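Enquirer: whatever this is, show me its structure:
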Amino acid sequence: MSEQKVPPTDDGSNDRLGPDATDVELWAEIHRLRAAVAGPAGFASWQEAATAERHLRAKTRIAFGRLADVAEERARQDAKWGGAEHDDHHTTADFVRLIEDYAGLARTMASMNSPEKAERRLIQVAALAVAAVESSRRRRGA
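Expert: Okay, here's the model as predicted:
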């Protein structure tokens with residue numbers, strides 16, 4: 001390697017290196033800077049971290065889509081049964097029995113090779129669980 005000098009920047013400085021920096025000093029600075037911009041903990045590079053973030057966001061969008069299904073079912077149940085006023089007449093044990101019944105129906109649908117019907121029942125189970133938690137919190141003032 002030759003001992004070439006680093007050309008100064010517009011303001012005449014070379015940041016950490018002086019105007020007389022050698023190639024060896026430049027390479028050392030390059031390696032120091034590479035280490036300083038290494039990926040966050042658990043990732044070899046920022047590109048790897050960004051790729052992992054994109055995958056996580058895609059999975060999150062899918063999960064939120066499923067939660068939207070539960071929210072729609074919850075709204076349907078409220079419209080049909082009267083919402084909080086109806087729900088608060090049921091105990092937590094009542095909700096658990098309903099949830100068990102609907103889960104059993106989901107199991108039956110799954111064993112009959114009807115995945116769409118089983119999924120529909122599971123969404124109802126999730127919505128009933130939300131209703132149970134909401135009712136419980138209202139009764140406790142939480």
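
Enquirer: element containing the spatially most central residue of the chain, please.
Expert: Centre of the chain computed as the mean C-alpha position; nearest residue by CA atoms, centre = their mean is residue 60, 4.2 Å away. Element membership for residue 60 (DSSP states H and E) is helix 46-81.

Enquirer: what residues sit buried inside that helix?
Expert: Neighbour counts over helix 46-81 (16 or more other CB atoms under 10 Å) mark 69-70, 73-74, 77-78 as buried. Every residue, glycine included, has its C-beta placed from N, CA and C.

Enquirer: so which of those is the closest to residue 126?
Expert: residue 70 (4.5 Å; CB to CB).

Enquirer: ok, now how distant is the closest one from residue 92?
Expert: 19 Å (CB to CB, to the nearest Å).

Enquirer: return stretch 109-117 as CSV; C-alpha atoms alone will do.
Expert: The C-alpha trace of stretch 109-117 is given here as CSV (Å, rounded to 0.1, in the frame of the first residue of the first chain):
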residue,chain,number,x,y,z
MET,A,109,-66.6,-28.4,12.6
ALA,A,110,-62.9,-29.1,12.4
SER,A,111,-63.3,-32.8,12.8
MET,A,112,-65.9,-32.7,10.0
ASN,A,113,-63.3,-31.1,7.7
SER,A,114,-65.1,-27.8,7.6
PRO,A,115,-62.2,-25.4,8.4
GLU,A,116,-64.2,-22.2,7.4
LYS,A,117,-67.0,-23.1,9.8
